[in-house]
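Colleague: Quick one, what's the 3D model for this:
(2 chains)
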Amino acid sequence: GAVVSQHPSRVICKSGTSVKIECRSLDFQATTMFWYRQFPKQSLMLMATSNEGSKATYEQGVEKDKFLINHASLTLSTLTVTSAHPEDSSFYICSARVGAENSPLHFGNGTRLTVT
Amino acid sequence: TQLLEQSPQFLSIQEGENLTVYCNSSSVFSSLQWYRQEPGEGPVLLVTVVTGGEVKKLKRLTFQFGDARKDSSLHITAAQPGDTGLYLCAGVDGGFKTIFGAGTRLFVKA
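Modeller: Modelled structure (predicted):
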């Protein structure tokens, strides 16, 4: 159980375009999802907390107008990278919890974004 | 901001050797988790430790949570090439966000 599905797994886009990444909880409802970013050979950095039916909470230094998050239902959160630039190239991973607020995260398989 | 310091950051060993990865913080965590990540995939949970002094075993992996709940260790006995990967410790802070250590990249040579 507790499967998180992320799509697409890979995307290549041109500089200036926008890219949408979807994160779905397949067998549970997730009122909160978390978006992380991971640079090569580095750890995961929390970008924002996605809250169903309300605005996302962004971490310090993360531009909310650049990384648009929408959590319209209990099973879907989307991250849109707007006006992408090469420095936005990274591995983006979503996650969600099942159960208590200090319980572990279940991760999607990530999206490798390459901006040319 | 609570921080987790993980060491070593990189480890290359021969098959059959033992190793220990450390995760330390100056802050108390309500729980600590260890994840393993393969290239191009999301992290997968190995274990959660909650109680100070707790020890959990998962086959050849032994996880320990410090008495003060500020640190944890992962010990692998008789490492195998299949253990190769990125090992991440993570803690849930007071705001219920999960923060990660820098990770330990393990390479086990056959």
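
Colleague: Just give me the residue right at the centre of chain A.
Modeller: A:Trp35 (3.6 Å; C-alpha atoms, centre = their mean).

Colleague: Beta-bridge partners for that one, please?
Modeller: A:Ala48, A:Cys94 (DSSP bridges).

Colleague: and if you look at A:Asn70?
Modeller: A:Thr78.

Colleague: Let me see the contact set for the residue nearest to the centre of chain A.
Modeller: A:23, A:46-50, A:67, A:69, A:77, A:79, A:92-94 (C-beta atoms under 8 Å, 6 or more residues apart in numbering or on different chains). (Each C-beta comes from the backbone N, C-alpha and C, glycine too.)

Colleague: Can you report how many residues lie near whichever residue of chain A sits closest to chain B?
Modeller: In chain A, the residue that lies nearest chain B is A:Phe107 (3.2 Å; C-beta to the nearest C-beta). Per other C-beta atoms under 10 Å in any protein chain shown, the neighbour tally for A:Phe107 reads 23.

Colleague: just A:Thr111 next, same as before
Modeller: Counted with other C-beta under 10 Å, A:Thr111 comes out at 24.

Colleague: Report the separation between it and B:Lys97.
Modeller: Remark: distance between A:Thr111 and B:Lys97 (C-beta to C-beta, to the nearest Å) = 21 Å.

Colleague: Equivalent analysis for B:Lys70, please.
Modeller: 17 Å.

Colleague: Contact residues of chain B facing chain A?
Modeller: Applying C-beta under 8 Å from any C-beta of the partner chain, we find that chain B lies next to chain A at B:6, B:30-31, B:33, B:40-45, B:48, B:88, B:90, B:92, B:96-103, B:105.

Colleague: Could I have the PyMOL command that selects the buried members from those?
Modeller: Per 16 or more other C-beta atoms under 10 Å in any protein chain shown, the buried members of the residues of chain B next to chain A correspond to this PyMOL selection:
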select buried, chain B and resi 6+31+33+41+42+43+45+48+88+90+92+97+98+99+100+101+102+103+105
